[in-house]
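Trainee: Requesting a structural model of the entry that follows:
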Amino acid sequence: MSDEVLVERRGAVQVITINRPQAKNALNESVGKAVAAAVDELDESDELWVGVLTGAGGTFSAGMDLKGFLRGESPSIEGRGLCGITQTPPRKPLIGAVEGWALAGGFELLLACDLVVAARTARFGVPEVKRSLVAGAGAAMLLPRRVPFAIALEMLLTGEPFGAERAAEVGLVNRLTDDGGALDGALELAATVAANGPLAVAATKQIARASADWTLDEGWARQSEVMKPVFGSEDAREGATAFAEKRAPVWKGR
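Mentor: This is a model prediction of the structure:
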């Protein structure tokens, strides 16, 4: 794992930190490969149930490293998108923790996250049109699914940034914290998610993310396919047993 991305475990939560504060956590090839490897570990581990993605030094990410781009580097992974998550997000929940700027490609990483916690002074933006570019790592397609259509177009077509308070108002940010508190806030939210049955959480995320592409009739059948293994799992029996016995459940992820 590159030292430009730090990965640690806090119980059932994996924390991924983009660690290039001197470059405002700009995304280069090394960062792209390391973040992709980290989320692969998240999905493959039987001990990790939720991920948190953040940036070091008071900035989430200022987007793609243009110096690396001029050297021929790319933070995208073939078939998987930016840092391996914008086209193929992890199966398990991923929470973004934002201090400072989440800009351009950095903002698009947030759209691959399921939940977002931000400091009140955080700023969000997709300024690509100001350089006659297109936010093609996810924002142009995915932002209209996350916020009202007119708000998404305002961000995409003006290129002007939004503050965290406004982002929370339109539903882009789940929770606001004081400055310096975004990671702690994200960890608190992650702990709440991780306390639930991991199979049920992953299946629920899968249904919620995929359902926009299903017709209503198709959706019931597809949902049933995803749900059936969960209802037949050891964890489902443990959940019911723990409720009857008035104790906390002990999840095994199977």
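Trainee: Now do the strands in this structure.
Mentor: For the chain, the strands defined by DSSP state E occupy 5-10, 13-18, 50-55, 76-77, 81-82, 94-98, 101-103, 115-119, 123-125, 162-163, 175-177.
Trainee: can you redo the ones you listed as JSON lines with mean neighbour count and mean pLDDT?
Mentor: In short, each C-beta sits where N, CA and C put it, glycine included. JSON lines is the format used below for these (neighbours: other Cβ atoms under 10 Å; pLDDT from 0 to 100):
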{"stretch": "strand 5-10", "mean neighbour count": "16", "mean pLDDT": "96"}
{"stretch": "strand 13-18", "mean neighbour count": "24", "mean pLDDT": "98"}
{"stretch": "strand 50-55", "mean neighbour count": "28", "mean pLDDT": "98"}
{"stretch": "strand 76-77", "mean neighbour count": "20", "mean pLDDT": "92"}
{"stretch": "strand 81-82", "mean neighbour count": "24", "mean pLDDT": "94"}
{"stretch": "strand 94-98", "mean neighbour count": "28", "mean pLDDT": "98"}
{"stretch": "strand 101-103", "mean neighbour count": "26", "mean pLDDT": "96"}
{"stretch": "strand 115-119", "mean neighbour count": "26", "mean pLDDT": "98"}
{"stretch": "strand 123-125", "mean neighbour count": "22", "mean pLDDT": "96"}
{"stretch": "strand 162-163", "mean neighbour count": "18", "mean pLDDT": "95"}
{"stretch": "strand 175-177", "mean neighbour count": "19", "mean pLDDT": "97"}
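Trainee: can I get the ones you listed in JSON lines with distance to Gly136?
Mentor: Below are these laid out as JSON lines (distance: least, Cβ to Cβ, whole Å):
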{"stretch": "strand 5-10", "distance to Gly136": "23"}
{"stretch": "strand 13-18", "distance to Gly136": "20"}
{"stretch": "strand 50-55", "distance to Gly136": "20"}
{"stretch": "strand 76-77", "distance to Gly136": "10"}
{"stretch": "strand 81-82", "distance to Gly136": "9"}
{"stretch": "strand 94-98", "distance to Gly136": "20"}
{"stretch": "strand 101-103", "distance to Gly136": "15"}
{"stretch": "strand 115-119", "distance to Gly136": "21"}
{"stretch": "strand 123-125", "distance to Gly136": "16"}
{"stretch": "strand 162-163", "distance to Gly136": "20"}
{"stretch": "strand 175-177", "distance to Gly136": "29"}
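Trainee: Of the ones you listed, give the one that comes closest to Ala137.
Mentor: For these, proximity to Ala137 was assessed by Cβ to Cβ; strand 81-82 is nearest, at 4.2 Å.
Trainee: if we can go back for a sec, tell me which of the strands of the chain sits nearest to Ala37.
Mentor: Comparing the strands of the chain by Cβ to Cβ, strand 5-10 comes nearest, at 8.3 Å.
Trainee: Show me what the closest one packs onto, helices and strands only.
Mentor: strand 13-18, helix 29-44 (3 or more Cβ pairs under 8 Å, 6 or more residues apart in numbering; DSSP states H and E).
Trainee: For the protein, give me the ranges with low pLDDT.
Mentor: In the prediction, the chain carries residues with pLDDT under 70 at positions 1-2.
Trainee: That one - how does it break down into domains?
Mentor: Partitioning the chain according to automatic domain parsing yields domains covering residues 5-194, 198-244.
Trainee: Kindly check the end-to-end length of stretch 125-142 for me.
Mentor: The separation between the terminal residues of stretch 125-142, taken as Cα to Cα, to the nearest Å, is 14 Å.
Trainee: Fine by me, we can end here.
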